[in-house]
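[1] my questions concern the predicted model and sequence given below.
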Amino acid sequence: MIKVLLADDHSIVRAGLRRIVEESGDMAVVAEASDGREAIRLVREHLPDVAVVDISMPEIGGLEVIHRLRPEFPDLPILILTMHEEQQYAVRVIEAGAMGYITKKSAPEQLVTAIRKVHAGSRFLTEEAAEYLALHVAKGRTGKSPLDLLSARELQVLRRLALGHTNREIAQAYNISIKTVDTYRLRLLKKLELRNNAELSRFAIQNRLIEP
Amino acid sequence: MRLRLIIFVLSLLAFMSVSIGGYLYYSSLRRAAFKEAERQAATHIELIKKNLSSFLSENIKPVKALASMEEMLEMLVRPRMEARNRANAVLDLFKASLEVNVCYLMDHEGTTVASSNRNASDSFVGKNFAFRPYFQQAIHSAPSTYLALGTTSHKRGVYFSFPVFEKDEDIPIGLVVIKASIDQIEKNLSLPTDEMILVADPLGVIFISNKNKWLLHTIDKLSEEAISNIARSRQFGTGPWPWTGLRFLSDTSAADGDGNRYIVHRAGIDNYPGWLFFHLRSEQAISKTVSAPFTQAAGPVVLSLCILIGLSVFVLYRKASGEILQRKAVEKALRDSEERYRTLYHHTPAMLHSIDREGRLVSVSDYWSEVMGYSKSEVIGKPLVAFFTPESREYAEQVVFPQFFKSGICKDIPYRFIKKNGEIIDIVLSAISDRNTDGRAERSLAVSFDVTDIMELKKAQNQLRRLSASIMANQEKERSSLARELHDELGQVLTALRMDAVWFQERMQDTNRDGAERAMAMCNLIDKTIEEVRLMAIRLRPGVLDHLGLVDALEWYTADFERRTEVSCVFEHGEVADTEEAVATAAYRITQEALTNVARHAAAKHVTVNLQADEDRLRLSITDDGTGFDLTVLDDSDGLGVAGMRERASLLGGVLDVDASEGRGTAVYFRVPLGEKNGRR
């Protein structure tokens, strides 16, 4: 049985989450906290296998909880739960030391998988978050990368082109037209002064946008 | 006018001094000329005198020779026909060779016995001249010379007599006489007309002269007795011997009856004891002879000199007059300008005042006293600071005055004046200083503007601004809380609902397909609602901005903008610390507004958002490659929300610039100072 701690200031959400966790069969919610401070206390008390923590809670938020628990329980996998769809949160959460990140909306479908994954010692991220994180890491924070020339969408298209995705696949992934994808491709070639997709791939590898 | 008079007098004096100098020079020349003339005259007179003396004595020796002739004695001793003829022949011979008037022989009684003029009508023969002194002297053995008017001929003559003796006898038995004409002598003494020679007997009767009308006149006015003496002597005819009218002013000068002046020399004549020789020379003539050459030579020189001096005086006078006129014009212009300045100073509807180095009021304009309510006499001489509020007074004395008297200028100094009625007005004062020749500030000219209204307006404006800021802050706060409510509360409930819906769907998947489908539809509806709520919340205020900060918020927003509009949007940023909420909000809202404009109006393909921060400033720019717009239209119709952006910028002490021109894109720049709170991350 995987011992799970749930921390969320909304009781109905907490109740929903508990049901999802418990219905998995091999997990048990050992503690429920309604704020960050309580979460930290309960972790110390119950020593759960996985902590599922809401990012936005009164007084002490999810990020602060990570900061406080990390030194004390370096092996405790923390899965961050959030209402926010923006990928920017994912980067912060992962940088802070969380093992996984899911939105509350996708909880019914992904929570159990995510808990198992982080419990197993792997990271859990949605595909979008993973992509965003990859792009973000490649760019770095310094503002000195050639990638800085590119917009967010251009980076996404470049990465996928470099990974060998077709225009159609890319269009489907971002819910845009194939024509638009091609426009982005041409724009990329022009901006980066490259001639074809092969050179785009080489550029992406050089800038650590994808693994070789 | 006075200066003109002075110059006129000066010119006159100059002219006079030149004239006097000329005159003195002239008179000294003249004196020298007179002296020279006198010297010449002395020589001349000596010569004439000698001539005269020699003329008057020339027959002394011949008469002696005549007396010793045998024929004379023979005639006197034996007066026969033969002797008479011989005597007459000798007398004729003497007369002819001596060129005299007449030669004659007298017996011891004074009767003429033989004469060279025996055949003339006025023959002397038989006539007795015993009364004549020359007879009386000669008969007493003394040869004599004598001047007299002939009793027979009525001609003046020089009589030379010599006694005729018998052999070895002492008593003369007769005498010979040679009479020479004075006319002849006068003819020989050729004299210039301006000189006069007078020869007078001891009584003063003029006997010889080149001035005929004075002949037989007396030099001095004589008494009747003297006149009768002359008559008795029968020497000079019958008279009446009038006075010449000549007066002697001194030894050397005299004047005649007509007022002509003469220089006089007198001397005796050899062989004529008591007779006097007078030489008179007209002063006028002398001066004429002296000055004539002088005036001839010097006249034109002096005249041209005078003309020259006169001309130059005239020219100088004109020049001086011109100068004076010019100066007057300048003075007038100066006076006018001063007057204008004074009028300007006093009547300009502005508060003007001047203070001296001690800070005392020297003058104030009419408007100044009108505004302040004091009359001029109440304020002149008082220290300016006496009309200040205590704070203004301190500020003026500590800061403004020292600086002003050093630099000579001050601008827009805010002061507060106290009016006479106690009312306080806010003014802004600017002043310049008048400097003396040493460059020291002497006094000031200050202009003050009553800005009480402006200050109040400013206060109102500030209030308005604070209000606007607080409205904006409240708006943000409200939006933030509303967004949170929507997102967190409603969102959470919807999320919980969704979980249940999914649970239902999963439960009914195998048992109740319709129920499962319904649950699925419900789930989709909830998803849609959640998305809508999320969008609503984000539109109000994105949580990212509050939770993750400006950089993440802009990164998200630009990516979202690109996704929505398909305009390539690059977000560049340096390291930016956590900025204070107001700055972050402003930067976010400005970006939002600018990008909205880009999407709506620019037709741009690319837009770059750049965010940089250094220690004390945050710089944000939004640059597109779109159509741009005409900036001049911007201020009139603020459809682009630029005024709003500006307001946000200025509320934080920042600046917002829009750089745009048609066809060359638009750039929005926002710069804002960072408070101490905003250290680098």
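    Arrived safely, thanks for sending. Residues are numbered from 1 along each chain as shown, chains lettered A, B, ... in the order given.

[2] which bits of the stretch 501-650 of chain B sit near chain A?
    For the stretch 501-650 of chain B, the contact set with chain A under CB under 8 Å from any CB of the partner chain comprises B:502-503, B:506, B:527, B:530, B:534, B:542-544, B:547-548, B:552-553, B:555-556, B:558-559, B:562-563, B:566, B:568-575. C-betas here are computed from N, CA, C, even on glycine.

[3] keep only those of the residues you listed that are in strands.
    B:568-573 (DSSP state E).

[4] how about the helices in the stretch 251-400 of chain B?
    Counting by DSSP state H, counting those that start in this stretch, the stretch 251-400 of chain B has helices at residues B:283-347, B:366-372, B:376-379, B:390-395.

[5] what about residue 135, neighbour count?
    You didn't pick a chain, so chain A it is. Residue A:135 has 19 neighbours, counted by other CB atoms under 10 Å in any protein chain shown.

[6] sorry, I should have been clearer: chain B.
    A count of nearby residues for residue B:135, using other CB under 10 Å, gives 24.

[7] distance of it relative to chain A?
    In this view, residue B:135 and chain A are 172 Å apart by CB to the nearest CB, to the nearest Å.

[8] residue contacts, that residue?
    Contacts for residue B:135 were tallied using CB atoms under 8 Å, 6 or more residues apart in numbering or on different chains; they are B:106, B:110, B:129, B:161, B:175.

[9] give me the element the last one is part of.
    Secondary structure from DSSP states H and E places residue B:175 in strand B:172-181.

[10] okay, the closest residue in space to residue A:112 that isn't next to it in sequence: pLDDT?
    Once flanking residues are discounted, residue A:112 sits nearest to residue A:24: 4.4 Å by CB to CB, 6 or more residues apart in numbering or on different chains. Reading off the confidence values, residue A:24 has pLDDT 86.

[11] okay, now residue A:24: neighbour count?
    15.

[12] quick check: longest helix of chain A.
    Counting by DSSP state H, the longest helix found in chain A is helix A:178-192.

[13] CA atoms only for the next helix or strand after that helix, dumped as CSV, please.
    Proceeding N to C from helix A:178-192, the next assigned helix or strand is helix A:197-206, under DSSP H and E. The C-alpha trace of helix A:197-206 is given here as CSV (Å, rounded to 0.1, in the frame of the first residue of the first chain):
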residue,chain,number,x,y,z
ASN,A,197,14.7,20.6,-41.8
ALA,A,198,18.0,18.7,-41.5
GLU,A,199,19.8,21.9,-40.5
LEU,A,200,16.9,22.8,-38.2
SER,A,201,17.5,19.4,-36.4
ARG,A,202,21.2,20.1,-36.1
PHE,A,203,20.5,23.5,-34.7
ALA,A,204,18.0,22.1,-32.2
ILE,A,205,20.6,19.5,-31.1
GLN,A,206,23.4,22.1,-30.8
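
[14] next one: helix A:197-206 to chain centre, how far?
    Counting by CA atoms, centre = their mean, to the nearest Å, helix A:197-206 is centred 25 Å from the centre of its parent chain.

[15] tell me which other helices or strands it touches.
    helix A:152-162, helix A:178-192 (3 or more CB pairs under 8 Å, 6 or more residues apart in numbering or on different chains; DSSP states H and E).

[16] give the buried residues for the longest one.
    Along helix A:178-192, these residues count as buried under the neighbour rule (16 or more other CB atoms under 10 Å in any protein chain shown): A:180-181, A:183-185, A:187-189, A:191-192.

[17] contacts with chain B among those residues, please.
    Among those, proximity to chain B is found for A:180, A:183, A:187 (CB under 8 Å from any CB).

[18] what about the closest residue to the first one other than its chain neighbours, how many neighbours?
    Okay, so that is residue A:180. Computed as CB to CB, 6+ apart, the closest residue to residue A:180 that is not its neighbour in sequence is residue B:566, at 6.2 Å. Neighbours of residue B:566 under the rule other CB under 10 Å: 16.

[19] where in the chain is pLDDT low?
    I went with chain A, as the question did not name one. Scanning chain A with the threshold set as pLDDT under 70 gives A:141-144, A:212.

[20] switch to chain B, please.
    For chain B, the stretches with pLDDT under 70 are B:1, B:189-193, B:290-291, B:293-295, B:298-299, B:630-640, B:676-681.

[21] stretch B:484-503: how far from the chain's middle?
    Chain-centre distance of stretch B:484-503: 104 Å, with CA atoms, centre = their mean.

[22] buried ones in it, by neighbour count?
    If you call a residue buried by 16+ other CB under 10 Å, then stretch B:484-503 has these buried ones: B:484, B:486-488, B:490-503.

[23] which residues touch the stretch of helix or strand residue A:81 belongs to?
    In this assignment (DSSP H and E), residue A:81 forms part of strand A:78-82. With contacts defined as CB under 8 Å, 6+ apart, strand A:78-82 is touched by A:8, A:17, A:50-56, A:62, A:65-66, A:69, A:89, A:93, A:97-104, A:107, A:111, A:114-115, A:118, A:124.

[24] that concludes my questions; thank you for your assistance.
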